[in-house]
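K.L.:
Quick one, fold the following:
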Amino acid sequence: MYIVLLVFSAVVIVISAGFFYQLIGSHRDRRLYAGPGRWIDIGRRYRLYLVEKGEGGPTVLFEAGIAATNLNWFHIQNIVSRFNHTASYDRSGLGWSSPSRTARTPGNIAVELHAMLQHAGIKPPYILVGHSFGGLVMRRYALLYPEDVASVLLVDPMRCEEWPPMDPTKQPQLDRGRKLSRYAVPIARFGLARLAVTSLLCRSGRISGQLAGAAGAGGRHVLARVTDEVGKMPREVWPIVAAHWSRPGYYVGMSNHVEAVPDTVREMRDAEPIRGIPVLVLTPGKSTPLSEACLDRIGDNVQQVIAPASAHWIHLDEPDLVINSIREMVTAVNSEAVAAAG
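P.N.:
Below you'll find the predicted structure:
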């Protein structure tokens, strides 16, 4: 009986210590890392975290991939802000923003984005830049609010035909991703996720490697992929990425995004083309180029450029290509404004 009580007491102590480790770490993270931005209340205490840099219009607005935050654009935004006003943000359920209250479909997200811009006082026109899933959000925004949009840059946008229900063979992958995200919530709540990602991104990586090894081949695969992708980002953002990945809410948000993929595909496969707005699509050299039929479904003024040295993360593999594309869009919009004024 004594041994049972001893073991029980030890378990309670460990769980309590993990909980307070996570609680204290979360408060510290927000104090240290959330300073560059501001929270915009879009109604009913629903707040989105916004980062603005630079001056001069039109505003270049960045939208990240499905489980990514404004940090994904850190380097690009810093460079573009040298010649133009820029804005990036965290979608609800991710980063420093409030938990989501609606399904994570492009239409719902575009409405929230529009509300944020209005409440933040960021006036159009906008140059929309979206990566992967964020490309679908920017397409939907351009369809809902075409009068606000000067041009659109889609960085390897998500292809609906590759996901359920158009490709039902990918449903097990989505189910697995959602299940793993849900499993991660209690792990994060008691500090284990913080321990692992801090080890991976801020220290030697020994602890994260041991945990991934214990999870088997799947764990090692995830670790290798995360290390590769985050490794392309500036080192100064790694501790902030670790802070985001330490939060239980991050995994809830990820699960909600993954769960909404079939509804996202249903929404966007039948979407109208963007009309009258220039659209540039950057496609990785390691992927099959989009067909003319696919480009026509995106818009009536679409150009495709191949990024020869890139995989899916073009803005990390070839940032200069993305930056120069944005610069050309800014120049074109400003030239049109001067011509109209003259």
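K.L.:
Can you pull up the most central residue in this structure?
P.N.:
The centroid of the chain falls nearest to Ala68 when counting by CA atoms, centre = their mean (2.7 Å).
K.L.:
Could I get the contacting residues of that residue?
P.N.:
Going by CB atoms under 8 Å, 6 or more residues apart in numbering, Ala68 touches 94, 131, 134. Where you see a C-beta, it was placed from the backbone N, CA and C, and this is true even at glycine.
K.L.:
Gly276 now?
P.N.:
Applying CB under 8 Å, 6+ apart to Gly276 gives the contacts 146, 300-301.
K.L.:
Do a quick rundown of the helices in this protein.
P.N.:
Assigned by DSSP state H, the chain shows helices spanning 2-33, 74-80, 106-120, 133-144, 171-189, 192-202, 206-214, 217-230, 238-245, 248-259, 261-269, 292-298, 314-317, 319-341.
K.L.:
Show me the shaky parts of the stretch 1-150 of the chain.
P.N.:
Residues of the stretch 1-150 of the chain meeting the criterion pLDDT under 70: 1-2, 4-15.
K.L.:
sorry, back to before: including distance to Ile40 and mean neighbour count, could the helices of the chain go into JSON lines?
P.N.:
Converted to JSON lines, these look like this (distance: least, CB to CB, whole Å; neighbours: other CB atoms under 10 Å):
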{"stretch": "helix 2-33", "distance to Ile40": "16", "mean neighbour count": "12"}
{"stretch": "helix 74-80", "distance to Ile40": "17", "mean neighbour count": "20"}
{"stretch": "helix 106-120", "distance to Ile40": "5", "mean neighbour count": "21"}
{"stretch": "helix 133-144", "distance to Ile40": "16", "mean neighbour count": "25"}
{"stretch": "helix 171-189", "distance to Ile40": "26", "mean neighbour count": "16"}
{"stretch": "helix 192-202", "distance to Ile40": "27", "mean neighbour count": "21"}
{"stretch": "helix 206-214", "distance to Ile40": "34", "mean neighbour count": "15"}
{"stretch": "helix 217-230", "distance to Ile40": "27", "mean neighbour count": "14"}
{"stretch": "helix 238-245", "distance to Ile40": "18", "mean neighbour count": "22"}
{"stretch": "helix 248-259", "distance to Ile40": "18", "mean neighbour count": "21"}
{"stretch": "helix 261-269", "distance to Ile40": "24", "mean neighbour count": "19"}
{"stretch": "helix 292-298", "distance to Ile40": "29", "mean neighbour count": "15"}
{"stretch": "helix 314-317", "distance to Ile40": "24", "mean neighbour count": "22"}
{"stretch": "helix 319-341", "distance to Ile40": "23", "mean neighbour count": "15"}
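K.L.:
okay, those helices in a markdown table with distance to Thr283 next?
P.N.:
What follows is the helices of the chain, written out as a markdown table (distance: least, CB to CB, whole Å):
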| stretch | distance to Thr283 |
| --- | --- |
| helix 2-33 | 33 |
| helix 74-80 | 18 |
| helix 106-120 | 20 |
| helix 133-144 | 11 |
| helix 171-189 | 22 |
| helix 192-202 | 30 |
| helix 206-214 | 32 |
| helix 217-230 | 19 |
| helix 238-245 | 26 |
| helix 248-259 | 23 |
| helix 261-269 | 17 |
| helix 292-298 | 10 |
| helix 314-317 | 8 |
| helix 319-341 | 11 |
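K.L.:
Please identify which of these is closest to Glu162.
P.N.:
Glu162 lies closest, by CB to CB, to one member of the helices of the chain: helix 261-269, at 9.0 Å.
K.L.:
Could you list the low-confidence segments of the stretch 201-342 of the chain?
P.N.:
203-228.
K.L.:
give me that answer again for 80
P.N.:
201-229, 341-342 (pLDDT under 80).
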